[in-house]
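the amino acid sequence is not available; the structure is as follows:
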């Protein structure tokens, strides 16, 4: 929302609209794919809980979380309704929980790469028309938000995916002790996002990742 307001103050209404549309695209397309990836990985590893609850679907309304969706529009980062996973049904609970958690951010990075590729491909057309400009920047913002979502979700604090990846490295006692404070940590996370403390580190890591996934498109399209 801050970037949208910034564009509006500068009179860049066109860019503000593109950012809004790209975030709608993230909410109704990319975030459902993120959660679907969790469910598919869990199902592949032996837990069909998500499948039984109808979560192995592209339908966005099966995955959206109201607060997480609002965060996307206000901060550019957020989350969807977590896919249910029953660790006892996984073949190797500690390792598999980490793989299930990793599947979501990985799907965002893959989508980010695809959108960056399209961005460079559209720019390579060389046209200066408004339509080409709008399409290219739509995909740039979509790629940027996907990468930011991946980086954000990999932060190792509950309820983000990064905290679940810790199951593969932390002793059970330490992990369960850590998760006891999930509610308080989430409140603290929201406060830090609201006052902008996390903006710089998340932006820094996201920019590094954006440059990394742009290497191949740059080599191809210049």
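Received the coordinates, thanks. Because the structure is a prediction, the values reported are computed rather than measured.

quick one: buried residues of stretch 132-149?
For stretch 132-149, the neighbour count (16 or more other Cβ atoms under 10 Å) marks 133-149 as buried. Where you see a C-beta, it was placed from the backbone N, CA and C, and this is true even at glycine.

what's the answer for stretch 182-199, then?
Within stretch 182-199, the residues scored as buried using 16+ other Cβ under 10 Å are 185, 189, 193, 198.

looking at these, which is nearest residue 6?
residue 193 (16.9 Å; Cβ to Cβ).

tell me the pLDDT at the closest one?
According to the per-residue confidence, residue 193 scores 75 in pLDDT.

same thing with the one 3 residues further on?
Reading off the confidence values, residue 196 has pLDDT 77.

likewise residue 136?
Value for residue 136, per-residue pLDDT: 88.

quick one: it and residue 123 touch, right?
Yes - with contact defined as Cβ atoms under 8 Å, residue 136 reaches residue 123; the gap is 5.2 Å.

kindly list the longest helix within this structure.
Counting by DSSP state H, the longest helix found in the chain is helix 93-123.

so which bits of that helix are buried?
Using 16+ other Cβ under 10 Å as the test for burial, helix 93-123 gives 93, 96-109, 111-120, 122-123.

next one: stretch 151-162
151-155, 158-162.

who touches it?
Residues outside stretch 151-162 that contact it (Cβ atoms under 8 Å, 6 or more residues apart in numbering) are 34, 77, 79, 82, 101-102, 104-105, 108, 163, 165-166, 178-179, 181-182, 185-186, 189, 202, 205-206, 209.

tell me which residue is most central in this structure.
In the chain, the centroid-proximal residue (Cα atoms, centre = their mean) is residue 149; its distance is 2.7 Å.

contacting residues for the closest residue to it other than its chain neighbours?
In space, and not counting its chain neighbours, residue 149 is closest to residue 108: 4.8 Å by Cβ to Cβ, 6 or more residues apart in numbering. Residues in contact with residue 108 (Cβ under 8 Å, 6+ apart) are 30, 34, 146-147, 149-150, 153.

now the helices for this protein?
Assigned by DSSP H, the helices in the chain fall at 2-9, 13-25, 31-44, 49-52, 66-75, 93-123, 130-153, 161-165, 172-179, 182-195, 199-213, 215-221.

between these, which one is nearest to residue 60?
helix 31-44 (4.5 Å).

just want the angle from the closest one to helix 93-123.
Angle of helix 31-44 versus helix 93-123, following axes from the mean of the first three to the mean of the last three Cα atoms, to 10 degrees, is 140 degrees.

which elements pack onto helix 31-44?
Secondary-structure packing of helix 31-44 (3 or more Cβ pairs under 8 Å, 6 or more residues apart in numbering; DSSP states H and E): helix 49-52, helix 66-75, helix 93-123, helix 130-153.
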